[in-house]
Structure formats: C-alpha cells, structure tokens
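> one predicted model, sequence on top.
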Amino acid sequence: MEWLANTIALLVGISCFALAGWHERTWWVRAKWIRTTGEVVGITRQGSEDTEYPKISFVHDGRVHEFTSGYGGTGCSRIGDSVVVVVDPVTLKAEQVTTGNRVLFTIAPIAFGLLFSAIGLHGVEVEDHDAGQGATSSQLESGIEPMSPSESEERSR
C-alpha cells in the first residue's frame, strides 16, 4: 500500500513541476511582448463562486483594444485601476501582469512539486497502531512480527 501512496505523491509532484514549467514558458514568450499600461474598464464574473476577471483597455498604435484577463480572483483590480499589460505586437493578444499570477501558477506549484516529490521518493512509513508495538504496514504485510521493547533489548545484548 505504501508504494501506491508514494507513486501517487511522486506523480502529483511531477504534475506540479509540469504546470510550473508550462506557465513559466508562457511568461518567457510574453517577455518579448510590448509592455504598456492599460485601464480596467469592466469586471466579468464567471463560475459558481463569481470569480472576477478584469476587462482591460489599452492603446496600441493609436487604436484602443480591449481584452478580458485570463487571471481572475475575488477582489482583483477595480474599474478605473491602471494596470501593467503585455501585448503581442503581431496578434495583439494581451495579458495583465501581476505578481499574483506568477506566484500562484509558478512558485506555488514548484513548492508543492518539491514537497510531493520528496514524499514520493523518500517514502512514507505508515504505523499501524492497532498492531501495538509500532509495526509499520510493510512489516505487517510481509508477516514480520514486531518485537516488544524487552525482546529488542535482549537481542541487542
């Protein structure tokens, strides 16, 4: 049973690293885009929890463009706020730049990836308290009987 828990933990860790890598790659591409200032002109609410996504207006080559940010949350930017935007000069695809979207989708998955990978690689010893004497589940599965403290002390002499 421990191998299953360890395998699942390792897979979750690898998935977290994959998410962080994909998200960071997206931002490396966006680093080549034009950085400009936009203004929040509306709020779009989506989902069962009414997640708020800012609708942002920006000017490029003398023309006004609008987009709805893919990064939302509760209590995000308010209408009239000035925000930093990156714009692809070819497709005019744009996205809002915030510290939160980098932390939430890059730093947090790396931290969780490290945690779950360490658990998966190191293993988790599960104690079975019903067996008394602190036997691990691997000992119980293999049929090894745990020794009492007095038996352990006698053998060490």
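Noted; the coordinates are in hand.
> and the longest helix anywhere in the chain, what does it pack against?
In the chain, taking DSSP state H as the definition, the longest helix is helix 2-30. When contacts are defined as 3 or more C-beta pairs under 8 Å, 6 or more residues apart in numbering; DSSP states H and E, helix 2-30 packs onto helix 108-122. Bear in mind the C-beta positions are built from the backbone N, C-alpha and C, glycine included.
> in the helix it packs on, which residues are buried?
By 16 or more other C-beta atoms under 10 Å, the buried positions in helix 108-122 come out as Pro109, Phe112, Gly113, Phe116, Ser117, Ile119, Gly120.
> average model confidence for that helix?
The average pLDDT within helix 108-122 is 87.
> tell me the secondary structure at Thr91.
Of the three states, Thr91 takes coil according to DSSP: H, G, I helix; E, B strand; the rest coil.
> number of nearby residues for it?
The number of residues packed near Thr91 is 8, by other C-beta atoms under 10 Å.
> for Gln46, same thing?
11.
> how about the one 4 residues further on?
Other residues lying near Asp50 total 10 when counted by other C-beta under 10 Å.
> let me see the backbone angles for it.
Backbone torsions of Asp50, given as degrees, to the nearest 10, read phi 50, psi 50.
> thanks again, I'm all set now.
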